[in-house]
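Engineer: give me a model of this one.
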Amino acid sequence: MNSTIRIGVIGLGIGSGHAQRFAALPGCEVVAIADTNPVRLEERGEKISGAARYTDPMKMLREVALDAVVVATPNKFHAPLTLAALRKNCHVFCEKPMAMNVAQAQAMKTAAVNARRRLMINFSYRFMPMSVALKRQVDAGVVGHIYFGRTVWHRQRGMPGFGGWFGNKELAGGGPLIDLGVHRIDLALWLMGHPEPVSIMGSTYNKIAGRIAREQNKHFSVEDLAGGLVKFRNGATLIVEASWALNIGEPEHMMTTLYGDKGSITQRNVGGGYQFQAELLTEENGCLFHKTLANPNFTVPSAYEEFIAAIRENREPSAGADDGIRVQKILDGLYRSAAKGREVRFR
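Structural biologist: Predicted coordinates for the structure are as follows:
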């Protein structure tokens with residue numbers, strides 16, 4: 001495809017930023033935007049010059065000739081809107097999580113395959129030079145066989161849109177696990193080479209956010225903390241943790257550490273914010289060497305650039321449908337285990 005890629009964006013919360021990033025790419029034009037909130041559509045539409053505006057996304061899909069669609073809505077609508085866009089022969093860039101459950105995610109993949117269109121999930125943390133640098137070390141065998149890991153995203157007090165759709169289980173499907181945990185799970189699985197999960201034991205809690213919600217008379221029907229232990233067919237184990245409200249000493253704590261039989265890798269945030277550092281520990285000639293990654297001297301495509309490249313090159317994108325399904329499988333398993341109070345096994 002050599003012509004301009006015409007893009008429509010559905011959902012102007014985080015989707016507003018997506019629209020601006022796509023519009024800035026060569027050969028891309030955001031020609032239509034949709035949001036069911038007319039005030040937000042008006043306010044944020046001003047930043048997206050020339051795009052037709054719709055309060056009904058289905059009407060946008062019917063009336064505008066599009067090559068690709070960005071789905072950035074509450075989680076409940078990811079699957080139905082993705083399927084609708086694929087029926088219109090559009091490629092789809094879908095915000096995480098892929099869907100509300102594995103069945104929906106698999107239906108999305110099947111529809112993309114049948115339509116011969118690209119479906120990408122916005123697992124943005126793998127599109128960082130630091131993440132790619134760690135992946136290169138793993139793929140080169142520097143840390144050996146990864147057999148244990150921990151991947152975490154905790155917030156001290158960070159309920160997004162408190163009282164809004166994020167805290168509504170019917171619209172979101174879950175809380176911090178499905179909102180934040182998806183990023184750390186995807187990063188860990190990608191670095192580990194996508195081992196196949198065989199079982200999971202999980203727990204969810206609502207000790208702090210639930211109390212705050214009651215005090216503020218806000219609706220809140222999801223967890224504020226989730227944790228689980230995933231076992232894989234290759235013998236590896238991964239601990240997963242995610243919270244919006246936890247009694248920790250920093251505003252944000254993000255870390256993914258993977259341990260191999262020759263060394264380990266870690267990506268962590270610094271100072272409770274959104275700056276990151278990467279570390280490599282190796283065992284060499286009987287000695288342990290602790291190395292901190294300097295600024296990588298290379299650039300990597302953003303998630304937006306990768307999506308457009310996959311369309312133009314007629315190939316599957318990184319962070320594609322299979323990756324979304326893998327993460328969804330772990331999300332579903334952890335929530336099922338928490339509900340049942342016991343380990344669940346994957347088929």
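Engineer: low-scoring stretches of the chain, by residue?
Structural biologist: Segments of the chain classed as low confidence (criterion: pLDDT under 70) are 1-2.
Engineer: outline the domain layout of it.
Structural biologist: 5-122, 125-302+329-345 (automatic domain parsing).
Engineer: TSV for those domains, including mean neighbour count?
Structural biologist: (Each C-beta comes from the backbone N, C-alpha and C, glycine too.) Below are the domains of the chain laid out as TSV (neighbours: other Cβ atoms under 10 Å):
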stretch	mean neighbour count
domain 5-122	20
domain 125-302+329-345	18
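Engineer: how about the ones you listed, which one is nearest R315?
Structural biologist: For R315, the closest of the domains of the chain is domain 5-122, at 8.0 Å, according to Cβ to Cβ.
Engineer: OK, contacts around D67?
Structural biologist: 1, 5-7, 90-91, 311 (Cβ atoms under 8 Å, 6 or more residues apart in numbering).
Engineer: please read the previous query as pertaining to N122.
Structural biologist: 18, 93-96, 303, 319.
Engineer: and if we set it to 6 Å?
Structural biologist: Applying Cβ atoms under 6 Å, 6 or more residues apart in numbering, we find N122 in contact with 95-96, 303.
Engineer: ok, residues contacting stretch 129-140?
Structural biologist: 191, 265, 276, 278, 280, 293, 296, 300.
Engineer: show me the two of these that sit farthest apart.
Structural biologist: L280 and V300, at 18.0 Å, using Cβ to Cβ across those.
Engineer: the closest residue to I239 other than its chain neighbours: what secondary structure?
Structural biologist: Leaving out its chain neighbours, the residue that sits closest to I239 by Cβ to Cβ, 6 or more residues apart in numbering is R150, at 4.3 Å. Here R150 is strand, with the state taken from DSSP: H, G, I helix; E, B strand; the rest coil.
Engineer: for the residue nearest to I200 when sequence neighbours are not counted, give its distance to H194.
Structural biologist: Closest residue in space to I200, ignoring its immediate chain neighbours: G333 at 4.0 Å, by Cβ to Cβ, 6+ apart. To H194, G333 is 16 Å away according to Cβ to Cβ, to the nearest Å.
Engineer: next: I200.
Structural biologist: On the measure of Cβ to Cβ, I200 and H194 end up 16 Å apart.
Engineer: try S302
Structural biologist: S302 is 22 Å from H194, where distance means Cβ to Cβ.
Engineer: quick revisit: from T110, how far off is the residue nearest to I200?
Structural biologist: G333 is 21 Å from T110, by Cβ to Cβ.
Engineer: A236 too?
Structural biologist: 29 Å.
Engineer: please apply the same query to Q328.
Structural biologist: 14 Å.
Engineer: ok, back up a step: would CSV of the domains of the chain with distance to D323 be doable?
Structural biologist: Below are these laid out as CSV (distance: least, Cβ to Cβ, whole Å):
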stretch, distance to D323
domain 5-122, 6
domain 125-302+329-345, 6
